[in-house]
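> Show me how the following folds:
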Amino acid sequence: AQQEIIGGGESVGRGRRSPSAVGPLYAIVDVPPGFFTTAFIALGLTNTILRRVQRDALEEQAWRARLEESREDRLERDPTLTEVDLMREEADASMRPYGPE
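Numbering: from 1, shown residues only. Model (predicted):
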């Protein structure tokens, strides 16, 4: 036998009420119209930008690690080479940001 749920409404069976008997839905937090659309578009754009920044930072870190490994390999292969000499060679071979000296 079906029983009516305490609090009113039509019984649909086994303790469930029909959607029309539930009553109006109230928001837990009142937000302006379009809030979620604006928020999720902003989150999507932020994610797109930050993902690119993170990828660039990761590539830069990998590049620096490869440079450090090659520097260590050169120091191991040539016992007469010092770190200061190696830094001077790298500085001479690097491009100057403000043009030639």
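> Show me the strands in this structure, by range?
When assigned using DSSP state E, the strands of the chain occupy the ranges 11-13, 16-17.
> Which of those strands comes out lowest on mean pLDDT?
Among the strands of the chain, strand 11-13 has the lowest mean pLDDT, at a mean of 50.
> what's the least confident helix or strand in this structure, going by average pLDDT?
strand 11-13 (a mean of 50; mean pLDDT, DSSP states H and E).
> any idea which helix is longest in this protein?
When the chain is parsed with DSSP state H, its longest helix is helix 35-77.
> roughly how far out does that one sit from the chain middle?
11 Å (Cα atoms, centre = their mean, to the nearest Å).
> T48 and R64, how far apart?
Remark: distance between T48 and R64 (Cβ to Cβ, to the nearest Å) = 26 Å. C-beta coordinates here come from the backbone N, C-alpha and C atoms, glycine included.
> which regions of the chain lie under the pLDDT threshold?
1-23, 99-101 (pLDDT under 70).
> Swap in 50 and give it another go.
1-9, 11-12 (pLDDT under 50).
> Count the neighbours of A27 for me.
The local packing of A27 (other Cβ atoms under 10 Å) involves 6 other residues.
> wait, I meant D85
D85: 12 neighbours (other Cβ under 10 Å).
> Over to the one 5 residues further on?
Counted with other Cβ under 10 Å, the neighbours of E90 add up to 13.
> I'd like to check which residues are in contact with it.
Applying Cβ atoms under 8 Å, 6 or more residues apart in numbering to E90 gives the contacts R71.
> next one: M95
So M95 contacts nothing (Cβ under 8 Å, 6+ apart).
> how many other residues sit next to V29?
5.
> The one 4 residues further on too?
When neighbours are defined as other Cβ under 10 Å, P33 has 7 of them.
> I'd like to know how far it sits from A39.
When P33 is compared with A39 (using Cβ to Cβ), they lie 12 Å apart.
> can you check T82 too?
57 Å.
> again, but for L86
52 Å.
> Those two: which is more packed in?
L86 (15 against 11).
> May I ask you to confirm that that one is in contact with L75?
Yes - contact between L86 and L75 holds when scored by Cβ atoms under 8 Å: they sit 6.5 Å apart.
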